[in-house]
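Q: quick one: sequence and predicted model below, then my questions.
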Amino acid sequence: MPKLIKISLKTRSDKSYNIVLGYNILPDLGKAVKKLDCGNSIFLITDKNVAKFYLKKTIAALKKGGFSDIGKVIIPAGEEQKNSGTFLKLLNALYDFDKNQQKKVIILTLGGGVVGDLGGFVAGTYRRGVSYIQIPTTLLGFVDCGLGGKTAFNFREAKNLIGVFWQPKLVYMDTAVLKTLPFRELKCGLAEAIKYGIIKDPVLFNFFENNMEKLLKGDKNALDKIIPVCAEIKAKTTSADERDDKDIRIILNYGHTLGHALEAATNYKKFHHGEAIGIGMVLAAKLAVKIGCLSPSVALRIEALIGSAGLPVLTGNISPKRIFASMRRDKKFISGVNRFVLPTEIGKVKVFENIKENIILELLKEG
């Protein structure tokens, strides 16, 4: 039986929704969508990599559930597609499918973070908001970007600068799709999963330390242990702070300030998202040591775990000044004052503000 995880939004209960998590449940997708009774025309957004494996299966499942009016658009894969041009391409395709706005459309995103973020933003802005459903196909999507209602695209040098909060009607996660996930993307998903151990759950962190070899092999039992735990942490955190304005949800940004800056500084071409976040988490732990809130031994433990997942832990030859310039555009900064989520021990983090810039630059120079 699939597992249900509820995201209960305290301020807007009508926007609460379920995460459905199971193995080989994609064939039942159409029935699950039909039960929601939120539309009768499906507009499906996916990318070329995912389409070759799951587009036909998804359409078949929707037809089996009673949907006959199904449109689709397939975009190229990659973070560089997360831009205003692709957003407008999707809007134009949706407009043509909608036939003069006469349909009750459900947008369905089938893919990883790029497809989910872009498709969610289309759903949140088209006709002032239409229903949408997330079907993550990556580990990163299962544990992080497929949950929580943040939608966006990148703008100029800033990651996720243009976006809205728009909650899906359903997140439908079939872990069987991870069998076709490229190894590099599996490791990227592990980076975001490790984050939950550092910020909230020492037992989860220990599990990673003791089972990394199994996880890297895509062992089903090991993945089944971590995915629900990570999803539930994300669900509880976002339920308590839907719009990221109560300093509760901010803990999910551990490693992201410097990770996002690293992505932007390299034009989203050198590192995949999870790789940049892995480096960002290592840098954040080192920064915590520098300001005296974390013991060096714990920082080394964090770095060792991220390295054991086959993830990079150093920035390499990227210009520190360039990373620093990108970091200063971080959305979490208020009136130009920097804000970092830093670990104080395994399972606990704290927000620190106005850290001296020379300390951050020194950290970046060290790599």
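A: It's in. Residues are numbered from 1 along each chain as shown.

Q: residue 161: helix or strand, and which one exactly?
A: strand 158-165 (DSSP states H and E).

Q: hmm, who's touching that strand?
A: Under the contact criterion C-beta atoms under 8 Å, 6 or more residues apart in numbering, strand 158-165 has outside partners 84, 117, 121, 124-125, 149-155, 242-244, 260, 263-264, 326, 329, 331. Every residue, glycine included, has its C-beta placed from N, CA and C.

Q: list the strands paired with it, with their directions.
A: strand 150-155 (antiparallel) (DSSP bridges).

Q: so how far does stretch 57-70 reach from one end to the other?
A: 13 Å (C-alpha to C-alpha, to the nearest Å).

Q: if you average pLDDT over that stretch, what comes out?
A: Average pLDDT, stretch 57-70: 97.

Q: ok now that stretch, how far from the chain's centre?
A: Distance of stretch 57-70 from the chain centroid (C-alpha atoms, centre = their mean, to the nearest Å) equals 26 Å.

Q: let's number from 12 now, not from 1
A: Understood, numbering begins at 12; the last thing we discussed is stretch 68-81.

Q: buried sites along it?
A: Across stretch 68-81, burial judged by 16 or more other C-beta atoms under 10 Å covers 69, 70, 72, 73, 76, 78.

Q: which residues sit against that stretch?
A: Contacts for stretch 68-81 (C-beta under 8 Å, 6+ apart): 37-45, 51-55, 57, 83, 114, 119, 121, 146.

Q: how about residue 84: what's its closest non-neighbour residue?
A: Nearest non-adjacent residue to residue 84, counting by C-beta to C-beta, 6 or more residues apart in numbering: residue 104, 4.3 Å away.

Q: tell me how many other residues crowd the one you found.
A: Residues near residue 104, counting by other C-beta atoms under 10 Å, number 18.

Q: dump the residue contacts of it.
A: 54, 82, 84.

Q: quickly find the element holding it.
A: Residue-wise, residue 104 maps onto helix 95-109 under DSSP H and E.

Q: so for that helix, mean pLDDT?
A: 96.

Q: from residue 226, how far off is the residue nearest to residue 223 when sequence neighbours are not counted?
A: Once flanking residues are discounted, residue 223 sits nearest to residue 319: 4.9 Å by C-beta to C-beta, 6+ apart. Going from residue 319 to residue 226 by C-beta to C-beta, to the nearest Å gives 10 Å.

Q: these two: who's more crowded?
A: residue 226 (23 against 16).

Q: hang on, residue 202 packs against residue 322?
A: Yes. With contact defined as C-beta atoms under 8 Å, residue 202 counts as touching residue 322 (5.5 Å).

Q: identify the contacts common to these two.
A: 285, 286, 289.

Q: just the closest of these to residue 299, please.
A: Residue 299 lies nearest to residue 289 out of the shared contacts of residue 202 and residue 322, by C-beta to C-beta, at 16.0 Å.

Q: between strand 169-176 and the helix or strand hosting the closest one, find me the angle.
A: If you go by DSSP H and E, residue 289 is part of helix 284-301. On the basis of axes from the mean of the first three to the mean of the last three C-alpha atoms, to 10 degrees, helix 284-301 is oriented at 100 degrees to strand 169-176.

Q: and helix 284-301, how far out from the chain's middle?
A: 17 Å.

Q: so, low pLDDT: which residues of this protein?
A: Along the chain, the parts satisfying pLDDT under 70 run over 21-25, 157.

Q: what are the boundaries of the strands in it?
A: Listed in chain order, the strands of the chain (DSSP state E) span residues 14-18, 28-33, 52-58, 80-86, 116-122, 142-147, 161-166, 169-176, 181-185, 350-356, 359-364.

Q: TSV for the ones you listed, including distance to residue 236?
A: As requested, the strands of the chain are exported to TSV (distance: least, C-beta to C-beta, whole Å):
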stretch	distance to residue 236
strand 14-18	12
strand 28-33	13
strand 52-58	28
strand 80-86	33
strand 116-122	25
strand 142-147	18
strand 161-166	26
strand 169-176	30
strand 181-185	15
strand 350-356	22
strand 359-364	22
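
Q: quick check: which of those is nearest to residue 207?
A: Nearest of the strands of the chain (C-beta to C-beta): strand 359-364, 10.9 Å.

Q: let me see the contact set for residue 202.
A: 151, 266, 285, 286, 288, 289, 292, 317, 320, 322.

Q: which of the residues you listed count as buried?
A: 151, 266, 285, 286, 288, 289, 292, 317, 320, 322.

Q: residue 249 and residue 296, how far apart?
A: For residue 249, the distance to residue 296 - C-beta to C-beta - is 24 Å.

Q: apologies, that question was intended for residue 329.
A: 19 Å.

Q: and these two? Which one has more around it.
A: Legend: neighbour count by other C-beta under 10 Å for residue 329 and residue 296, higher for residue 296 (24 against 19).

Q: now do the contacts for that one.
A: Counted by C-beta under 8 Å, 6+ apart, residue 296 has contacts 305, 309, 310, 313, 314, 353, 354.

Q: the fifth one against residue 294, yeah?
A: No. Assessed by C-beta under 8 Å, residue 314 is found out of contact with residue 294, at 9.7 Å.

Q: which of these two has more residues huddled nearby?
A: Counting neighbours by other C-beta under 10 Å for residue 314 and for residue 294 shows that residue 294 has the greater number, 27 against 19.

Q: and the longest helix for this structure?
A: Ranked by number of residues, the top helix in the chain under DSSP state H is helix 231-251.
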